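Enquirer: Below is the structure, and that's it, no one-letter string:
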């Protein structure tokens, strides 16, 4: 049964390849969803898949890309929506 992880990541996480880093990790775990920059300087990650794989993504989000500095990762689980077929980087 799939679940949904909604995470907000704060710190120096924009313009440091964080979205690409998060997307590559999610794809390796076979997750679907998206990652995008928010106007307040945080990054939003929505991932869907088996809970065990979602839990494996969280430490990666906390570690961050080589150029980033992650201060906090706020993560919540919810029922999966099934709205995603792949994992994408959103550009707004």
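Expert: Looks like it came in fine. Please read these numbers as outputs of a predicted model, since none were measured by experiment.

Enquirer: Run through the chain and note the low-pLDDT ranges.
Expert: Within the chain, the ranges that satisfy pLDDT under 70 run 92.

Enquirer: mind redoing it with 90?
Expert: Applying pLDDT under 90 to the chain flags residues 91-92.

Enquirer: residue farthest from the centroid of it?
Expert: residue 1 (19.4 Å; Cα atoms, centre = their mean).

Enquirer: Excluding sequence neighbours, find me the nearest residue to that residue.
Expert: Closest residue to residue 1 apart from its sequence neighbours, by Cβ to Cβ, 6 or more residues apart in numbering: residue 50 at 7.5 Å. The way it works is simple: take the backbone N, C-alpha and C, and place the C-beta from them, glycine included.

Enquirer: dump the residue contacts of the residue nearest the centre of the chain.
Expert: Centroid-nearest residue in the chain: residue 45, 3.2 Å away (criterion: Cα atoms, centre = their mean). Applying Cβ atoms under 8 Å, 6 or more residues apart in numbering to residue 45 gives the contacts 5, 6, 7, 8, 9, 22, 26, 33, 34, 35, 57, 61.

Enquirer: And the helices in the chain?
Expert: Here the chain has its helices, by DSSP state H, at 18-28, 51-63.

Enquirer: from those helices, which stretch is densest packed?
Expert: Mean neighbour count (mean count of other Cβ atoms under 10 Å) peaks for helix 18-28 among the helices of the chain, with a mean of 20.

Enquirer: Many thanks, I have nothing further to ask.
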